[in-house]
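Visitor: could you look at this predicted model? Sequence included:
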Amino acid sequence: MHEPATLAAFTTLRLGGPAGRLIEATTEAETLAALRLGGDQLILAGGSNVVVADEGFPGTVVLLRERGMRTEIHDGGVSLTVAAGHPWDEVVAAAVSSGWSGIESLSGIPGSAGATPIQNVGAYGQEVAETITEVRVYDRERDEIVAIPAAGCGFEYRSSIFKHRARFVVLAVTFRLTVAADSRPIAYAELARTLGVEPGATAPLEEVRSAVLKLRAGKGMVLDPADPDTYSVGSFFTNPIVPAVDFPRVCALAAEFGTPPSWPARDAVKLSAAWLIERAGFVKGYGDQATGVTLSGKHTLALTNRGTGTTAALLDLAREIRAGVRARFGVELHPEPVLVNCAL
């Protein structure tokens, strides 16, 4: 257990006030012991998808630091079980180097393996809901460990039953991967172009990983201590989903810029948040240059703390962007990260 600490040290935004109490758990037994202390608790691992208030968190912060991967190979597939605190990109790198396909397009995403089912992490045409078979959790209400199959996780676009709910704490995640030298079909057009293949084609795993890392780095989406554009939570807003009947109205409002990029989403249409933000007048680097609370210089979906910023300033910038997009296109943006002791 540590003395109260500033949570900025444990988040990729480098923002957040003090913790009332800080416990580092390196084994499952230590994690369970900390969780059973009760009271107000915040669970942190990579800290890549949280925005913590300047006032901090008055309760107990539990740092999940357990690492480890276990595999079972059968029927041309691999069951890969990963401890919640294991860095996610290390998992992807291990899968790719071992010749296991299914998560190669999720390369370079910061944070821990345990965070992936919470957010249903996805990028470049893949999301973890496609490969997760089971999530091992501590159920606070029942005070026991429970294995929840994928069908019970309520996976949706950037969401699950674990998000915004304190009942379950992820302890480990099991993925079903395929033994193959090539990737799954490339579903994302930008990635396909980078690889020089048609959408729906496959490519060698190492080439896909390399291409994704290159694309992400070009957008400031791969953590780099030397690059302030990466001091962020990645995409701050999710791509908005509007009813299909509302799409023509949005297109009419955006006519001077061309047709908004869009993708089908059941009986709705998913729009590009970055495209809407830029066309609403918020260009790369927009914000307070003095404090460094600005949009990334590489990608308008990332809000960055490049210097001496505060959470309050970051949220003010997010509100300004949200209001601008709403006024210009009549589309509501929603934050992707978890907001701790603060609100947008």
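Guide: That came through, no problem.
Visitor: quick one, what contacts D267?
Guide: 243-244 (C-beta atoms under 8 Å, 6 or more residues apart in numbering). The C-beta positions use only the backbone N, C-alpha and C, and glycine is treated the same way.
Visitor: and it, how far from E332?
Guide: 18 Å (C-beta to C-beta, to the nearest Å).
Visitor: repeat for L32
Guide: L32 is 39 Å from E332, where distance means C-beta to C-beta.
Visitor: same question for A201.
Guide: A201 is 36 Å from E332, by C-beta to C-beta.
Visitor: about what we covered before: more crowded one of L32 and E332?
Guide: L32 (16 against 11; other C-beta atoms under 10 Å).
Visitor: just the pLDDT at that one, thanks.
Guide: Turning to L32, the model gives it a pLDDT of 98.
Visitor: and it, what element?
Guide: Assigned by DSSP states H and E, L32 falls within helix 28-35.
Visitor: contact partners of that helix?
Guide: Around helix 28-35, the neighbours that count as contacts under C-beta under 8 Å, 6+ apart are 23, 25, 41, 60, 62, 64, 66, 83-84, 138, 140, 145, 169, 171-172.
Visitor: let me know the outermost residue of the chain.
Guide: For the chain, the largest distance from the centre (C-alpha atoms, centre = their mean) belongs to E256, which lies 32.2 Å off.
Visitor: which per-residue confidence value corresponds to it?
Guide: For E256, the model assigns a pLDDT of 97.
Visitor: hang on, the earlier thing: out of the contacts of helix 28-35, flag the one nearest to C342.
Guide: Set against C342, the nearest of those by C-beta to C-beta is Q41 (17.0 Å).
Visitor: what number of residues lie near that closest one?
Guide: Counted with other C-beta under 10 Å, the neighbours of Q41 add up to 18.
Visitor: for L315, which three-state class applies?
Guide: What DSSP: H, G, I helix; E, B strand; the rest coil gives for L315 is helix.
Visitor: and the residue farthest from the centre of the chain, how far from R306?
Guide: The value you get for E256 to R306, if C-beta to C-beta is used, is 31 Å.
Visitor: assumed V208 was part of a strand.
Guide: No - looking at V208 with three-state DSSP, it is helix, so not inside a strand.
Visitor: what's the burial count for it?
Guide: V208 sits with 26 neighbouring residues when counted by other C-beta under 10 Å.
Visitor: same thing with E72?
Guide: For E72, the count of nearby residues is 10 (other C-beta under 10 Å).
Visitor: cool, and the one 4 residues further on?
Guide: G76 is surrounded by 8 other residues when neighbours are defined as other C-beta under 10 Å.
Visitor: need the per-residue pLDDT for the closest residue to it other than its chain neighbours.
Guide: Sequence neighbours aside, V179 is the residue nearest to G76 in space, at 5.5 Å (criterion: C-beta to C-beta, 6 or more residues apart in numbering). pLDDT recorded at V179 is 96.
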